[in-house]
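Student: Show me how the following folds:
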Amino acid sequence: MNISFSPPFIDQNVINEVVDSLKSGWITSGPKVKELEKEVIRLTKSKTAICVNSWTSGAIMMLKWFGVKEGDEVIIPAYSYSATALCVMHCGATPVMVDISDDLTIDPQRIRQAITSKTKAIIAVDIAGWPCDYNMIKALLKGPKVRSLFVPDSEKQRKLGRILLISDAAHSIGATYMGHSAAVCCDITIFSFHAVKNITTGEGGCICLNLPGNFDHEEEYDFLKIFSLNGQNKDAYTKSKGGNWKYDILYKGLKINMPDVCAAIGLAQIKQYKNILLPARKTIATKYCDVFSSYSWFIPPSLEDFTRETSYHIFPLRIKNITEAQRDQIIEEIVSHGVIVNVHFIPMPMLTYFKKTGYNIADYPNSYKQYACEISLPIYPNLTNEDTDYVIDAVISAVQLQLKNNKLQQLLHVE
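Tutor: Below you'll find the model as predicted:
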């Protein structure tokens, strides 16, 4: 049997939406994108939503919107995908990496230690779909000592009056916090609709705004839609209507709009998300936990507690008391059974570019500790019971074999 890691969910509903887009004669930004934005608002209860062509471009745009520039600092976790840091660098600012807590999310105490007068924003990452401790982070940012350090340099910064809180929610669409959508916890929440995500548009992302009441969300939406289209005041769909050919360039914008043909895929999926796709992921995650919990080597992932519930995007299996090399051997054994697994994530300070930039993994011991024992298992709606049974058997067999080999090596070493 061969089990893929994370194939896209393509059913007849998706095919119908895409065909409808193709037959309409309009495939770039248009009515499907608008409809997807409305569905994201309906799902998340956000004040507004702007679809873009990737999480990364959306994050760059929002940092620029806030006026983040050279000389500024943005605090991020060391344990994340590279885009979390690169979006900051593309604005000329410095990513200040901090360590994580045992639940894989950014450590609020480390945030406090890293804040300086140069700090303009924090990007908190919902790893595997598990929301960060947003109440603690927000309380920290609103405290008088931290507020006194904030030095606003732009109109938006003066209007907000504090450090901007951005959620890197690439993994966490559908996650909840305190009984509500986790998307409304931050000033800005950015989803990824990449091919492996819970909802996909092939490539794409969506920015949700939940700013304080002194911001006009309709005005911000209009600005960001123009900014995401090279600063052009009329999109192609509007221009296609008779007599609308004349346009103007209002800002030094970016070209990061989402096409309708891509939005069609996500539109079909999001309509099934709460009732079909998300529950299917939860069922698989629960099954994994139920079986693995009888083994002493299993470290349960954070799935649900009194305040939070994950989106079940990734099942981060962690194994007690193993080294990075032993973890890699376990992965090789699992793959030999035809099961494709992954690791989320290689901490950024371990990657060549960031090492050359001056980051050192020794400064982030918990990020390394969690990475070294983590294996991401397949978890997606099209996995059958037979598939998950096979994955479970392959994992148990591989881990038990590794532990047996470890004991033999220890005995030989003692002798």
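Student: now the helices: where do they sit in the stretch 51-200 of the chain?
Tutor: 55-65, 83-89, 108-114, 134-142, 144-149, 155-160 (DSSP state H, counting those that start in this stretch).
Student: Could you pull out the buried residues of the third one?
Tutor: Within helix 108-114, the residues that qualify as buried by neighbour count (16 or more other CB atoms under 10 Å) are 108, 110-112, 114. All C-beta spots, glycine's among them, are computed from the backbone N, C-alpha and C.
Student: Grab the CA positions of it and hand them over as CSV.
Tutor: Output of helix 108-114 as CSV, limited to C-alpha atoms (Å, rounded to 0.1, in the frame of the first residue of the first chain):
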residue,chain,number,x,y,z
PRO,A,108,5.0,34.7,25.3
GLN,A,109,7.8,35.1,27.9
ARG,A,110,10.4,35.1,25.1
ILE,A,111,8.4,37.7,23.3
ARG,A,112,8.5,40.1,26.2
GLN,A,113,12.3,39.6,26.5
ALA,A,114,12.7,40.5,22.8
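Student: What ranges does the stretch 201-350 of the chain have for its strands?
Tutor: 205-209, 298-299, 308-309, 315-319 (DSSP state E, counting those that start in this stretch).
Student: Could you list the paired strands of the last one along with their orientation?
Tutor: Strand 315-319 has the following sheet partners, assigned by DSSP bridges: strand 298-299 (antiparallel), strand 374-377 (antiparallel).
Student: circling back to that earlier point, including distance to residue 38, could the helices of the stretch 51-200 of the chain go into a markdown table?
Tutor: Shown next, in a markdown table, are the helices of the stretch 51-200 of the chain (distance: least, CB to CB, whole Å):
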| stretch | distance to residue 38 |
| --- | --- |
| helix 55-65 | 18 |
| helix 83-89 | 26 |
| helix 108-114 | 34 |
| helix 134-142 | 25 |
| helix 144-149 | 35 |
| helix 155-160 | 25 |
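Student: Indicate which one of the ones you listed is closest to residue 184.
Tutor: Closest to residue 184 of the helices of the stretch 51-200 of the chain is helix 134-142 (CB to CB; 9.6 Å).
Student: Could you list every helix and strand that that closest one packs against?
Tutor: Counting by 3 or more CB pairs under 8 Å, 6 or more residues apart in numbering; DSSP states H and E, the packing neighbours recorded for helix 134-142 are helix 108-114, strand 119-125, strand 164-168.
Student: Can you convert the strands paired with strand 315-319 into a markdown table and add a column each for mean pLDDT and distance to residue 5?
Tutor: A markdown table is the format used below for these (pLDDT from 0 to 100; distance: least, CB to CB, whole Å):
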| stretch | mean pLDDT | distance to residue 5 |
| --- | --- | --- |
| strand 298-299 | 98 | 20 |
| strand 374-377 | 98 | 8 |
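Student: Can you say which of the ones you listed is nearest to residue 217?
Tutor: strand 374-377 (35.5 Å).
Student: can you give me the offset of that closest one from its chain's centre?
Tutor: Here strand 374-377 is found 16 Å from its chain centre; the criterion is CA atoms, centre = their mean, to the nearest Å.
Student: Run through who's touching it.
Tutor: By CB atoms under 8 Å, 6 or more residues apart in numbering, the residues outside strand 374-377 that reach it are 5, 128, 288, 314-319, 327, 330-331, 334, 341-344, 391, 395.
Student: ok, now with 6 Å
Tutor: Here strand 374-377 makes contact (CB atoms under 6 Å, 6 or more residues apart in numbering) with 314-318, 341-344.
Student: ok so, going back, to residue 170, which of the helices of the stretch 51-200 of the chain lies closest?
Tutor: Among the helices of the stretch 51-200 of the chain, the nearest to residue 170 by CB to CB is helix 55-65 (5.0 Å).
Student: Point out the other helices and strands that the closest one packs with.
Tutor: Counting contacts by 3 or more CB pairs under 6 Å, 6 or more residues apart in numbering; DSSP states H and E, helix 55-65 packs against helix 83-89, strand 188-192, strand 205-209.
Student: Can you give me the buried ones in that helix?
Tutor: Buried residues in helix 55-65 (16+ other CB under 10 Å): 55-65.
Student: CA-only coordinates of it, as PDB, when you get a sec.
Tutor: Output of helix 55-65 as PDB, limited to C-alpha atoms (Å, rounded to 0.1, in the frame of the first residue of the first chain):
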ATOM      1  CA  TRP A  55       0.500  33.700   2.400                       C
ATOM      2  CA  THR A  56       3.900  35.200   1.800                       C
ATOM      3  CA  SER A  57       2.800  38.000  -0.500                       C
ATOM      4  CA  GLY A  58      -0.100  38.800   1.800                       C
ATOM      5  CA  ALA A  59       2.300  39.100   4.800                       C
ATOM      6  CA  ILE A  60       4.600  41.400   2.800                       C
ATOM      7  CA  MET A  61       1.700  43.600   1.900                       C
ATOM      8  CA  MET A  62       0.400  43.800   5.400                       C
ATOM      9  CA  LEU A  63       3.800  44.700   6.900                       C
ATOM     10  CA  LYS A  64       4.200  47.400   4.200                       C
ATOM     11  CA  TRP A  65       0.700  48.600   5.000                       C
END
